[in-house]
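1. turn this into a model:
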Amino acid sequence: MRRRLLLLLPLLGFLVLGGFLYRGLSMDPSYRDSAMVARDFPAFDLATLADPERRVDASLLEGEVTLVNVWGEWCPTCKQEMPQLLELAERGVRLVGVDYKDTRAKGRDFLEEFGDPFEINIFDPEGSLGFDLGVYGAPETFLVDAEGVIRYHHTGYIAPEDVSRVIMPEVEKWRE
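-> Numbers count the residues shown, from 1 in each chain. Below is the predicted model of the structure:
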């Protein structure tokens, strides 16, 4: 009897492991909760992309609901996302960009080629602000309320349908 039980243990272990793997495969890898939601936007002091002499800090994000979009010239989905960001800017949404792990020249060229919906671009060549935000890739977008608190985090590409279905409702909710 004891011998049979010992023979069944590997099978039981295999079934448990298989269950965990099956559950993991059914999860959406692009979705994850952000630990930053409901927290103040991280403190930073960085130059702008346009002017290396101009420094900005987190006070830039106070006073108005703002979408902070983390992007980079090296990011193919950032190029695909740009029309949606341009549309959001046309709809009156304030956008601030974070040029993440890029060079100044490549970032400027990117905006010249694909358009610039941003009120200002923060230059983050070392990724320090991205690290503080918990960014693991670009693009990522954070909705910051008028008090500088992160209220929503969109991981990955903002698809055309996301503008009206997700982003604008979140912006309107926090404008009220």
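2. this protein: strands as residue ranges?
-> Assigned by DSSP state E, the chain shows strands spanning 45-47, 55-57, 66-71, 94-100, 120-124, 140-144, 150-155.
3. looking at those strands, which is nearest to residue 166?
-> strand 150-155 (7.1 Å; CB to CB). (Glycine included, C-beta is placed from N, CA and C.)
4. model confidence over that closest one, on average?
-> Per-region confidence: strand 150-155 scores 95 on mean pLDDT.
5. give me the sheet partners of that strand and which way each runs.
-> strand 140-144 (antiparallel) (DSSP bridges).
6. now the strand it pairs with against strand 66-71, angle please.
-> Here strand 140-144 points in a direction 160 degrees away from that of strand 66-71 (axes from the mean of the first three to the mean of the last three CA atoms, to 10 degrees).
7. quick check: the most centrally placed residue in the chain vs residue 2, distance?
-> Computing the C-alpha centroid of the chain and ranking residues by CA atoms, centre = their mean puts residue 140 first, at 1.7 Å. To residue 2, residue 140 is 55 Å away according to CB to CB, to the nearest Å.
8. how about residue 85?
-> 66 Å.
9. now the helices for this structure?
-> Secondary structure of the chain (DSSP state H): helices at 2-25, 76-90, 104-114, 128-133, 160-162, 168-175.
10. which positions in the shortest one come out as buried?
-> Neighbour counts using 16 or more other CB atoms under 10 Å place residue 162 of helix 160-162 among the buried residues.
11. which helices and strands sit right next to it?
-> On a contact count with 3 or more CB pairs under 8 Å, 6 or more residues apart in numbering; DSSP states H and E, helix 160-162 meets helix 76-90.
12. span of stretch 63-76 from start to end?
-> 32 Å (CA to CA, to the nearest Å).
13. mean confidence score for it?
-> The average pLDDT within stretch 63-76 is 97.
14. where are the low-confidence patches of the chain?
-> For the chain, the stretches with pLDDT under 70 are 1, 4-35.
15. from residue 173, how far out is the spatially closest residue to residue 50 that is not a sequence neighbour?
-> Nearest non-adjacent residue to residue 50, counting by CB to CB, 6 or more residues apart in numbering: residue 121, 6.8 Å away. Distance, residue 121 to residue 173, by CB to CB: 26 Å.
16. quick one, which of the two is more surrounded?
-> Neighbour count, other CB atoms under 10 Å: between residue 121 and residue 173, residue 121 has more, with 24 against 13.
17. is the more buried one in a bridge, and if so with what?
-> Beta-bridge pairing of residue 121 under DSSP bridges involves residue 97.
18. neighbours around residue 137, how many?
-> 14.
19. tell me which of residue 85 and residue 2 has more neighbours.
-> It is residue 85, of residue 85 and residue 2, that has more neighbours when counted by other CB under 10 Å, with 26 against 6.
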